[in-house]
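**Student:** coordinates only, sequence not included:
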């Protein structure tokens, strides 16, 4: 895929794909209850829709065992909503969200409970990107898309490759991934996602004022971002963790065939099974050559 | 030359015409259509009526064929790819590159697509390095040294366009061989030659040079722009590369981009090895230090080599002081999808979709697009063999060519 | 891409120019708050949203801290607009410390909107009372037809198949500025701004008409503020739903008949009740306040051989294209024409410029060619410009020179006489010399002979 030429945004019509973390294991431990959180998010979604009539909001639930679309403002019809005193956004979204939560819980009962506390961020990211590609296919006149991850669960190491793949695909299609992390520690995945795609990463200090954070930072459309100062990445950790002990390392050994990372020298790659030749001798040869290179 | 003479003969009579008409005697507006050859894709049905062209289906079928050929090739030899590549791109800038059979000229067309190729190459092979060599006046020049910055290569190439003299395959190979021989054994040594000329004017025996390349395990590939040449074919056969001749601009683009994904790793070409690498941290904002690559003081935005604490501006690179390869974990991750490819999706025949248990899959799982074409007739769609979710054709292509994740499999917790 | 616009943006200026009292009263209506918010520049919207839950004044300095150096001009525009519309109130506490306070009515209205979501302005009628409501497609078609019918009547009354119920005086108000009539005998001609008007997209045109309608309202004894608030409110109704006429007041009921003529709403009558159904045009009213109104697909393909294919069923499009091209044939969904020297000369004579034509062709380029650069072939655009500059070249006119006038009086009289006949080409009053067209040489000679006697 050829890289997309950099875009100039002439107006503020936007599509925001919001990925809402619904992982019950996280919300059980959080200081902010899920319903409180949802009320902040609903007001935020409302304010996005308020800003421009053509703005579009899509909500995808990131569950513990599954992911699904919960709300799409472009297809939500006003027809068929029985109780007209409650606006469509709330009734449709809440109803679908509840259905999703029940379904997600059922899926979880089949396995041994409680070991993995992460949610399936890789799945909802992939869904969001597919949706945005569909938007791109409609022609040149589409709203400017961005993704907002509202995440609380901790990172699931088993999703690393899939999440990174999604991040690179988003980067190639110039879709920024914003992230608002409401959990206890920083999320390295989301920090990297926002850094690589040019989005914003924020970890709110006070969860009571979540709406104010959402509105001040994440309601900023891409057109405005060129003239406003938004929170900048403080320190993104790009160090790798080794495959053998999962510890973060400064220096390590990388298999030339499969790029697995090890903290110590091995005879054989545990991932791809390649047998290694004399590493040390070769390595010194490289550095010798390099050292001489500048002089000649 | 032949062409030029013909022009001179006719030219005197109709010099004025010469400006408006090209050699085929076509007007400018006619030419845009001859290039596209849109009428060739028209098809007739039994009664001689024109069939509507379903470009989407044709395009998708082509993509499927490509995907299948890739996946079968991958299965035959274990999924091991040469991820660390050292590639020399040799651009033939001899007289032949000025021929105008590609528009505006071979040289300009090559430059345009090499630029795209360089970007694609570094996008797919973040840990690899590339260098550019040109052949001009019978001599090969090294335009850029092995490096990992796409912008530097593109800038130099664009500044050095201009063609003259003969072409020499041997000189180019000797030069590249000299550079690639000392590369560490885990690296894949590759040469990609974009050859416009129909001859080679060499100082010595080219067969010896080819044998030398073969011994040093240089994988040489050639894309020709004129016609098939024996010597190029021989070179590619001997060194295990691929040889192809571009039919037109679109074909050339396709051929050159085929060299962007990493080639299958063949044990005899590169020895598996553990490479010592450093994962530097970003320097704190506002800190001032002298960077080792530009040799000047810079503020913030830098990376510190974990071994010798020298500062580098960009990743990936090799530390100028201690020679340690410096990468960040996203660079490694960018290559992982080559190692864990997702299985091609299965076609769903329209009949199966009407079965009751498939009724729920009326929208694409990925993008929520309706899979029903107007009149409730099901459109073409595909399904993931693992998670059984259905996808539309557009998502299928996006998932396999850019995303490299199956959204269905990713949104199920593996048990 | 600079869009040719005569007024579209000025509607908000009109709102801004309302007296403070009326403006504040308008903000009591939450729909107006919403529409005003949407009309603001992107940066201004963000400021409002950011301050929506802030009590008390907010120092200007802390707002500026967010702005990057490149964005400062945009920041100024945004703040100016907010103050102009009295959304922000500037207060100066102590010395030099400017701070802004958000208009409390505006603020509380938006707060309500955020927490409770958009509430409908009025309840749609239950479907058991209304019979056979039109489908959305039918409604779109109706709105488009009505609007085009109105436009056709506006630019060329004889072409329109059926006339709207607007009084001819009302139509003349709309035509003001768009058409010019040299004589009563001549058919009125499009002025330059009239052509620009036709080039605008539907929403911008709609606002132009609505603006004229509103500014004319005082003459009809209607308060413009009432009309503005009703129109904006109308844009928040749900398209395709039926609303009871009883819910409207007297002013609104008269207004709604005019709006039906424009295609904004469709009126229907049941056995007992009557109701109105808003169309796409009505619900888009508040969209057109913003710049996003350009999101429309083009339909014209221009080839390098000067042929033009317009994929359109609209008679209006055909009329517009006829202004500068020769229409060759019309198929149900396709208009084929050619851009010729003659057709362009007629256009130039009417005061249409080459740039306007090129701009129109580029803006309405069919999606298949819009991706190409340039979307209109270069040789065509160049030729259009060349033909325009052709008209500005030397023109040959047979003429006669008169000099050695006996007195200034005779010279002046001769000049006046020549001017009357429209044959004066050049005069030099100092040296008393005069050049007239060859056609009036005979009359001129007669006249001078008469003067001598």
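**Tutor:** Noted; the coordinates are in hand. Small disclaimer: the values here were computed from a predicted structure and weren't measured. Residues are numbered from 1 along each chain as shown, chains lettered A, B, ... in the order given.
**Student:** Confirm that residue A:102 sits in a strand.
**Tutor:** No - Residue A:102 is assigned helix when assessed by DSSP: H, G, I helix; E, B strand; the rest coil, not a strand.
**Student:** burial count for it?
**Tutor:** 10 (other C-beta atoms under 10 Å in any protein chain shown). C-betas here are computed from N, CA, C, even on glycine.
**Student:** list the contacts for the nearest residue in space to residue A:137 that is not next to it in sequence?
**Tutor:** Counting by C-beta to C-beta, 6 or more residues apart in numbering or on different chains, residue B:394 is the residue found nearest to residue A:137 once chain neighbours are left out, at 6.0 Å. Going by C-beta atoms under 8 Å, 6 or more residues apart in numbering or on different chains, residue B:394 touches A:133-134, A:137, B:367, B:369.
**Student:** What is the nearest of those to chain C?
**Tutor:** Nearest to chain C among the contacts of residue B:394 is residue A:137, at 12.4 Å by C-beta to the nearest C-beta.
**Student:** surely residue C:315 meets residue C:148?
**Tutor:** Yes - at 6.5 Å, residue C:315 counts as touching residue C:148 under the criterion of C-beta atoms under 8 Å.
**Student:** In the sheet, which residues pair with residue A:61? Tell me.
**Tutor:** Counting by DSSP bridges, residue A:61 is bridged to residue A:20, residue A:68.
**Student:** And the pLDDT for it?
**Tutor:** For residue A:61, the pLDDT comes out at 94.
**Student:** Tell me how far it lies from residue A:202.
**Tutor:** 21 Å (C-beta to C-beta, to the nearest Å).
**Student:** cool, and residue A:104?
**Tutor:** 26 Å.
**Student:** and these two? which has more neighbours close in?
**Tutor:** When residue A:104 and residue A:202 are compared for neighbours, residue A:104 comes out ahead with 23 against 19, by other C-beta under 10 Å.
**Student:** May I have the residues that are in contact with the residue nearest to the more buried one when sequence neighbours are not counted?
**Tutor:** Nearest non-adjacent residue to residue A:104, counting by C-beta to C-beta, 6+ apart: residue A:63, 3.8 Å away. Contact analysis of residue A:63 by C-beta under 8 Å, 6+ apart lists A:22-23, A:100-101, A:104, A:119-120.
**Student:** which stretches of the stretch 1-150 of chain C form helices?
**Tutor:** C:10-16, C:20-26, C:30-39, C:42-50, C:60-64, C:72-84, C:104-116, C:136-155 (DSSP state H, counting those that start in this stretch).
**Student:** whoops, chain A was the one
**Tutor:** A:24-27, A:34-51, A:88-109, A:121-137, A:160-172, A:188-197, A:210-213, A:222-225, A:279-292 (DSSP state H).
**Student:** near chain B, which residues of the stretch 51-200 of chain A?
**Tutor:** Taking C-beta under 8 Å from any C-beta of the partner chain as the contact definition, the stretch 51-200 of chain A meets chain B at A:64-69, A:72, A:75, A:107-108, A:110-111, A:116, A:120, A:122-124, A:126-127, A:129-131, A:133-134, A:137, A:158-162, A:164-169, A:172-173, A:192, A:196.
**Student:** give me that answer again for 6 Å
**Tutor:** Counting by C-beta under 6 Å from any C-beta of the partner chain, the stretch 51-200 of chain A comes close to chain B at A:65-67, A:69, A:111, A:120, A:122-123, A:126-127, A:129-131, A:133-134, A:137, A:161-162, A:164-165, A:168-169.
**Student:** now the residues you listed: which count as buried?
**Tutor:** A:65-67, A:69, A:120, A:122-123, A:126-127, A:129-131, A:133-134, A:161-162, A:164-165, A:168-169 (16 or more other C-beta atoms under 10 Å in any protein chain shown).
**Student:** Any buried residues in stretch C:383-390, and which?
**Tutor:** Going by 16+ other C-beta under 10 Å, stretch C:383-390 has these buried residues: C:383-384, C:387-388.
**Student:** nearest to residue B:288, of those residues?
**Tutor:** residue C:384 (58.0 Å; C-beta to C-beta).
**Student:** which residues touch the closest one?
**Tutor:** C:354, C:358 (C-beta atoms under 6 Å, 6 or more residues apart in numbering or on different chains).
**Student:** low-scoring stretches of the stretch 351-453 of chain C, by residue?
**Tutor:** C:453 (pLDDT under 70).
**Student:** ok, back up a step: okay, the helices of chain A, which one's buried deepest?
**Tutor:** Most buried of the helices of chain A, by mean neighbour count (mean count of other C-beta atoms under 10 Å in any protein chain shown): helix A:121-137, with a mean of 25.
**Student:** and the closest residue to chain A within the stretch 301-450 of chain C, how many neighbours?
**Tutor:** For the stretch 301-450 of chain C and chain A, the shortest gap (C-beta to the nearest C-beta) falls at residue C:367, measuring 5.9 Å. Residue C:367 sits with 14 neighbouring residues when counted by other C-beta under 10 Å.
**Student:** mind checking how far it is from residue A:144?
**Tutor:** The separation that residue C:367 has from residue A:144, given C-beta to C-beta, amounts to 19 Å.
**Student:** before we move on, what about residue C:138?
**Tutor:** Distance from residue C:138 to residue A:144, by C-beta to C-beta: 33 Å.
**Student:** out of these two, which sits in the busier spot?
**Tutor:** Legend: neighbour count by other C-beta under 10 Å for residue C:138 and residue A:144, higher for residue A:144 (21 against 12).
**Student:** residue contacts, the closest residue to chain B within the stretch 51-200 of chain C?
**Tutor:** Using C-beta to the nearest C-beta, the single residue of the stretch 51-200 of chain C nearest to chain B is residue C:137, 13.3 Å away. Residues near residue C:137 by C-beta under 6 Å, 6+ apart: none.
**Student:** hang on, residue B:223 in a strand?
**Tutor:** Yes - under three-state DSSP, residue B:223 falls within a strand.
**Student:** biggest separation within the contacts of residue A:63, which pair?
**Tutor:** A:101 and A:120 (14.0 Å).
**Student:** ok, now which ones touch whichever residue of the stretch 151-300 of chain C sits closest to chain B?
**Tutor:** Nearest residue of the stretch 151-300 of chain C to chain B: residue C:300, at 16.8 Å (C-beta to the nearest C-beta). Residue C:300 makes contact with C:310, C:361, C:364, C:366 under the criterion C-beta under 6 Å, 6+ apart.
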